[in-house]
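Asker: this is the structure alone, sequence omitted:
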């Protein structure tokens, strides 16, 4: 369907407007905003401009709970637009949606609503119009941009995870569990500052000779070599999680070891991927003791993925009742990494 102008009601659920706009590819978007959601509109404008969609933040602000004012603004935007317009009713408060629906329907303008479950744009006016299947795939960068975040660093293109695939592809459920036990053992028992180290646990062997590191899976006869420079035990966990999620979920886009920035604050998320216009974030925790930074990182997950279009996951390698309890309180899926396999 060719669409000239889409009118959007802006709310904190940015994807409610991103999905219809990127799917219909209009020439122009007009964002109707409240004072409280002006920053959301600015982020949306940045994303839509990236795709060469002219975007206007309408100069008359709404009162989210004043029906008469919302109606007046809607009528004004219809009068000021010479183009064919269509209302996207997915965003905004319920009061805004009711008022906008009444005005646009009274002048027989098209009205759409995004159904995230069926992945369709359904028509509320005219009712006999055929639904539109949502076929777009949204990448991680665009999803973050719509929420005011930008990626400052990520390791996906480094090839680091691919180095581990030779090891991980041989794991069955039992061997996967053994590796997590070995990982916890290695984190606790191996001191990388020692010039020479040789440790074995559950038929995994870790050895270090000055700046050379070797990891051997004796059961599957697999050997990996590393240099000490830049080596981090946490890389094992990130790469393992990345490999499993990529294979299990077949995402539209996936990244690992990602640093994101918003308002000058940088946070790191271990793995994130998009699928069916939703964002999934995974943070790994391998400590029994929790710090304030751990809690803050979880809060970042909750803030980025709050609502219909995102899900935050906290992945543990050790039992940590406090983090499990905290995660449940703020609607973050919390589980032991062994449950992934």
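Answerer: That came in fine, so what should we check first? Everything numeric in this text was worked out from a predicted model, so none of it was measured.
Asker: what about the stretch 151-300 of the chain, any weak spots by pLDDT?
Answerer: Filtered on pLDDT under 70, the stretch 151-300 of the chain yields the residue ranges 287-299.
Asker: so which residues of it form helices?
Answerer: Taking DSSP state H, counting those that start in this stretch, the helices of the stretch 151-300 of the chain run over residues 160-168, 173-189, 233-249, 292-305.
Asker: which one of those helices has the most crowded surroundings?
Answerer: Counting by mean count of other CB atoms under 10 Å, helix 233-249 has the highest mean neighbour count of the helices of the stretch 151-300 of the chain, with a mean of 18. Every residue, glycine included, has its C-beta placed from N, CA and C.
Asker: compute the inter-axis angle for that helix and helix 173-189.
Answerer: Interaxial angle, helix 233-249 versus helix 173-189 (axes from the mean of the first three to the mean of the last three CA atoms, to 10 degrees): 160 degrees.
Asker: and the contacts of helix 233-249?
Answerer: With contact meaning CB atoms under 8 Å, 6 or more residues apart in numbering, helix 233-249 is reached by 155, 160-161, 163-165, 168, 179, 183, 186-187, 190, 251, 254, 256-257, 270-271, 273, 275, 280, 282, 284, 286, 315, 317, 337, 340-341.
Asker: helix 160-168 and that one, what's the angle between them?
Answerer: Going by the same axes, to 10 degrees, helix 233-249 makes 80 degrees with helix 160-168.
Asker: and helix 233-249, how far from the chain's centre?
Answerer: 16 Å (CA atoms, centre = their mean, to the nearest Å).
Asker: next one: stretch 105-124
Answerer: So, by CA atoms, centre = their mean, the centroid of stretch 105-124 is 25 Å from its chain's centroid.
Asker: how about residues contacting it?
Answerer: With CB under 8 Å, 6+ apart as the test, stretch 105-124 has contacts from 16, 19-20, 23-24, 78, 85-90, 101, 104, 125-126, 129-134, 276-278, 308-309.
Asker: and the end-to-end length of that stretch?
Answerer: This stretch, stretch 105-124, spans 9 Å end to end (CA to CA, to the nearest Å).
Asker: and the average pLDDT for it is what?
Answerer: Across stretch 105-124, the average pLDDT comes to 94.
Asker: list the buried ones in that stretch?
Answerer: Within stretch 105-124, the residues scored as buried using 16 or more other CB atoms under 10 Å are 109-114, 116, 119-124.
Asker: now stretch 275-287
Answerer: Neighbour counts over stretch 275-287 (16+ other CB under 10 Å) mark 275, 277, 278, 279, 280, 281, 282, 283, 284, 285, 286 as buried.
Asker: which of these lies closest to residue 96?
Answerer: Nearest to residue 96 among the buried residues of stretch 275-287: residue 277, at 22.3 Å, using CB to CB.
Asker: the closest one reaches residue 21, doesn't it?
Answerer: No - the pair residue 277 / residue 21 is not scored as a contact, 11.9 Å apart, by CB atoms under 8 Å.
Asker: before we move on, the earlier item: biggest separation within the buried residues of stretch 105-124, which pair?
Answerer: 109 and 119 (24.1 Å).
Asker: return the residues in contact with the residue nearest in space to the middle of the chain.
Answerer: Nearest to the mean C-alpha position of the chain, by CA atoms, centre = their mean, lies residue 279 at 3.0 Å. Going by CB under 8 Å, 6+ apart, residue 279 touches 140, 143, 144, 272, 273, 304, 305, 309, 310, 311.
Asker: ok, residue 41 next?
Answerer: Residue 41 makes contact with 10, 31, 33, 57 under the criterion CB under 8 Å, 6+ apart.
Asker: element containing it, please.
Answerer: Assigned by DSSP states H and E, residue 41 belongs to helix 38-50.
Asker: quick check: mean pLDDT of that helix?
Answerer: On average, the pLDDT along helix 38-50 is 96.
Asker: how far is that helix from where the chain is centred?
Answerer: Distance, stretch centre to chain centre, for helix 38-50: 17 Å (CA atoms, centre = their mean).
Asker: tell me the buried residues in it?
Answerer: Neighbour counts using 16+ other CB under 10 Å place 40, 41, 43, 44, 45, 47, 48 of helix 38-50 among the buried residues.
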